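Engineer: Provided below for reference: sequence and predicted model.
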Amino acid sequence: MMNFFYTYQSLFDHILVYALLAMSQYVVLRAGVFSLGTAGFAALGAYGCALLITKAGWPPFAAIVAGTVLGTVASALLAFPLSRLRGVFQAVATLALVQIVLSATQNWVSVTNGALGVNGIPKVAGTGVLLSVVVVVVLLLVAMGRYSVGRAMDVIREDETVAVSLGISVPYYHRIAFILSGLLAGLGGALQATSSYAITPGEFGFGMLVATLAMVVLGGRTSVWGALVGAAILTTLPELFRVFADYRNVVQGILLMLVIVYLPRGVADTVIAMLRDRRLRRRTVRLPADAVASGAASVGAAPVSSSIDAGVHA
């Protein structure tokens, strides 16, 4: 068992990092925000953390916090203008952000080393650290879904008109979702930098953008488990199909098409819905049986009470 773990430890770390990035994408999609900025915020968190460690001499964990804050601040600054946009306009604006950040990492050679990236980053975020962070984030997102914030986001995602009629401020919750997304993406980027020894601009380009979006679509965008399942499937897929390594994107595209056609709610959300329906069916079967049993008991008790009354009258 331990040999299996050590053999695939780097794969587990990759799954955990992408689980954080997928949850960043999940938060905005849950609130009905069509944002594609996860890769940009992850690049800010990763480069901010890596440069503070290698050039400024910061302690690694302080640099991770700083990278997370950098992603959060960038998303907060963009949240106010982007909350006024809708649909494809949000997607185009956040896609422009990713392109700006990617161009800066490639062309600001004096700071980012250009296409060579940043090397010599100490690995302080091991599997235990990554797993602990993912568990904490999952618990927080599940708790958020049980309170007014998560419920308001669900209403906004389904129908903004209904949300407005209920007195829900759509721009306010869009801003919250966007800031949370930037926080998680910045944290994921910082942890990616401190778990892989080196980073390059190519890691945060169009491939990451598509991958994080595909993970949420594949797993399901109405529950946090969808992001986790999607990250696990799409990250493990290249290892399972090494024979088709040259056609990795083709296999991934075919898988997404099949899921969209036959499981439009995603793998995890479909399974959760099936389990919920089965539980409801069991309850509906038990209720008539309990009603019949209680009715029979009341009918059987009637003669006894009448005989007792007769004896009293006698």
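Structural biologist: All right, it came through fine. Note that this is a predicted model, so its numbers are computed, not measured.

Engineer: so what's the backbone phi/psi at residue 85?
Structural biologist: Note on residue 85: backbone dihedrals following degrees, to the nearest 10 are phi -100, psi 170.

Engineer: do the same with residue 199
Structural biologist: phi -140, psi 150.

Engineer: can you check residue 118 too?
Structural biologist: Dihedral angles (degrees, to the nearest 10) for residue 118: phi -110, psi 130.

Engineer: which residues does it bridge with?
Structural biologist: Beta-bridge pairing for residue 118 (DSSP bridges): residue 199.

Engineer: measure residue 147 to residue 154 for me?
Structural biologist: 11 Å (CB to CB, to the nearest Å). Any C-beta I mention is one placed from the backbone N, CA and C, and that applies to glycine too.

Engineer: so for these two, which sits in the more crowded spot?
Structural biologist: Remark: of residue 147 and residue 154, residue 154 carries more neighbours, 15 against 9, as counted by other CB atoms under 10 Å.

Engineer: which SS state does the more buried one fall under?
Structural biologist: Here residue 154 takes the helix state, with states given by DSSP: H, G, I helix; E, B strand; the rest coil.

Engineer: and the nearest residue to it once chain neighbours are set aside, how many residues sit next to it?
Structural biologist: Leaving out its chain neighbours, the residue that sits closest to residue 154 by CB to CB, 6 or more residues apart in numbering is residue 30, at 7.1 Å. For residue 30, the neighbour count with other CB under 10 Å is 27.

Engineer: ok, which stretches of the stretch 1-150 of the chain are helices?
Structural biologist: 2-7, 9-30, 38-54, 60-82, 88-107, 109-112, 127-145, 148-158 (DSSP state H, counting those that start in this stretch).

Engineer: angle of the second one against helix 60-82?
Structural biologist: Going back to what we said before, that points to helix 9-30. 30 degrees (axes from the mean of the first three to the mean of the last three CA atoms, to 10 degrees).

Engineer: I'd like the numbering to begin with 272 instead of 1 from here.
Structural biologist: Yep, numbering from 272; the last one is helix 280-301 now.

Engineer: okay, the angle between helix 280-301 and helix 419-429?
Structural biologist: Using the same axes, to 10 degrees, helix 280-301 lies at 70 degrees relative to helix 419-429.
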